[in-house]
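S.K.: Give me a 3D structure for the following:
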Amino acid sequence: MTFTNLQALGWNETFMEHFAPFASNADYTVARVALEHKHLYRVYSEHGDLLASVSGKLRHTAFGREDYPAVGDWVVISARPEERKATVHGILPRFSKFSRKVAGNVTEEQIVAANVNTVFLVMALNNDFNVRRLERYLVAAWESGATPVVILTKMDLCDEVEERISDVESVAFGVPIHAVSSELNQGLEQLAPYLGEGKTVALLGSSGVGKSTLVNRLCGEERMETGGVREGDDRGKHTTTYRELIRMPQGGLLIDTPGMRELQLWESDESSLTGSFSDVEELAENCFYRDCEHRQEPGCAVQQAIADGTLDADRYQSYVKLQRELAYLERKNDVRAQIAEKERWKKAGAIGRENARRKRS
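M.R.: Below is the predicted model:
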């Protein structure tokens, strides 16, 4: 498949400005990362689909995963069309990125999708339905810089669709919510406006919520393997094992992602918490004491709201948990940033000494 129209891939004037410092090199052009596999990348370019690897310089200066290309990135390449290959020399600044902490005890960022306009937060209406988990996804979505949209799948398996939509509305303030059935092709027309030419949508959600089936219906063909439903609990099977940028017939681009067994936040921007828990934040402003910790202080508007039932106690506990997690991340990331800066200076010094040695020889 050959892409001669970069605008259809999301290229715009902002990216063109970011590319300007590289433009003097006639060998350099741009491409968009469609698939990632162990530092090998499938990229879409004016030369068609190419298999790309990062340059030695980029690899040498990279400190962690976030310094390598991710699906959705615009990268600077030197193409070898006759070989269907390319070398990646740089990554253009991202206008959005959906990140999470990698699983396990390692403090490292995993970029799930980059340069995304809209994040489809997909949750099934059957046994997968979990408002507390959705709160966490909403915080991560606001952090990403993309616009969140909640997609409730498998409405054909739920007898309480309106009640569950109401539950979602109680935590997703101002966020569009769409209930769909991929199996019955119901409600999918609501999603077309998000998939216009040059727009990028990322699908995020737990394993088995029906993301792959949704992709197939939106594509109009069987692009992704689906796993049906497990016997006993109505949960779908985990099928997607990698992230991929897919060109949609509507003109937009879609990034399907593997189901996440856990979503540990990465960024520590408190504004994302405010966007997801504006009801709690507004209540806190009415507390008698400005430094109220919402425990047993007199005149606490938050505790009063919990007592009279206008604020769900579980929602407040979710807010407190995420607040503590973000504070912890901020402390960890400050230390990590200091270490990263030292490492970059060490690498820069090593490169300088190597260049000086080569000049002398």
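
S.K.: and the helix or strand where Gln317 lies, what's its mean pLDDT?
M.R.: Using DSSP states H and E, Gln317 maps to helix 313-360. Averaging pLDDT along helix 313-360 yields 66.

S.K.: How about stretch 131-141?
M.R.: 88.

S.K.: Can I get that stretch in CSV, CA atoms only?
M.R.: Taking Å, rounded to 0.1, in the frame of the first residue of the first chain, the C-alpha atoms of stretch 131-141 are listed here in CSV:
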residue,chain,number,x,y,z
VAL,A,131,-17.2,2.4,37.1
ARG,A,132,-14.1,2.5,39.4
ARG,A,133,-11.9,1.2,36.6
LEU,A,134,-13.4,3.7,34.2
GLU,A,135,-12.4,6.6,36.6
ARG,A,136,-8.8,5.5,36.3
TYR,A,137,-9.0,5.4,32.5
LEU,A,138,-10.5,8.8,32.4
VAL,A,139,-7.7,10.3,34.5
ALA,A,140,-5.1,8.7,32.1
ALA,A,141,-7.0,9.9,29.1
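
S.K.: can you list contacts of that stretch?
M.R.: With CB atoms under 8 Å, 6 or more residues apart in numbering as the test, stretch 131-141 has contacts from 98-100, 119, 121, 123, 148, 150, 167-168, 170-172, 175, 204-206, 263, 265-266, 272-273, 275-277, 314-315, 318, 322. Every residue, glycine included, has its C-beta placed from N, CA and C.

S.K.: Buried ones from these, can you make that a PyMOL selection?
M.R.: To isolate in PyMOL the members of the contacts of stretch 131-141 that are buried, counting by 16 or more other CB atoms under 10 Å, one can use:
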select buried, resi 98+99+100+119+121+123+148+150+168+171+172+175+204+205+206+263+265+266+272+273+275+276+277+315+318+322
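
S.K.: Output the contacting helices and strands for the longest strand along the chain.
M.R.: Counting residues, the longest strand in the chain under DSSP state E turns out to be strand 28-37. Under the contact criterion of 3 or more CB pairs under 8 Å, 6 or more residues apart in numbering; DSSP states H and E, strand 28-37 touches strand 40-45, strand 48-54, strand 74-80, strand 244-247.

S.K.: now Ser212, what's its secondary structure?
M.R.: helix (DSSP: H, G, I helix; E, B strand; the rest coil).

S.K.: from memory it sits against Thr257, does it?
M.R.: No. In this structure Ser212 lies outside contact range of Thr257 using CB atoms under 8 Å: 10.3 Å.

S.K.: quick one: which of the two has more around it?
M.R.: Comparing Ser212 with Thr257 by other CB atoms under 10 Å, the one with more neighbours is Ser212, at 25 against 19.

S.K.: Give me the pLDDT for the residue nearest the centre of the chain.
M.R.: Here the mean C-alpha position of the chain is nearest to the C-alpha of Phe98 (CA atoms, centre = their mean), at a distance of 2.5 Å. pLDDT recorded at Phe98 is 86.

S.K.: Could you confirm it falls within a strand?
M.R.: Yes. Assigned with three-state DSSP, Phe98 falls within a strand.

S.K.: Show me what it is bridged to.
M.R.: Bridge pairing for Phe98 (DSSP bridges) gives the partners Ala113.

S.K.: Might you report the residue contacts of it?
M.R.: Phe98 neighbours (CB under 8 Å, 6+ apart): Ile111, Val112, Ala113, Ala114, Val116, Val119, Ala140, Ala141, Ser144, Ala146, Ala202, Leu204.
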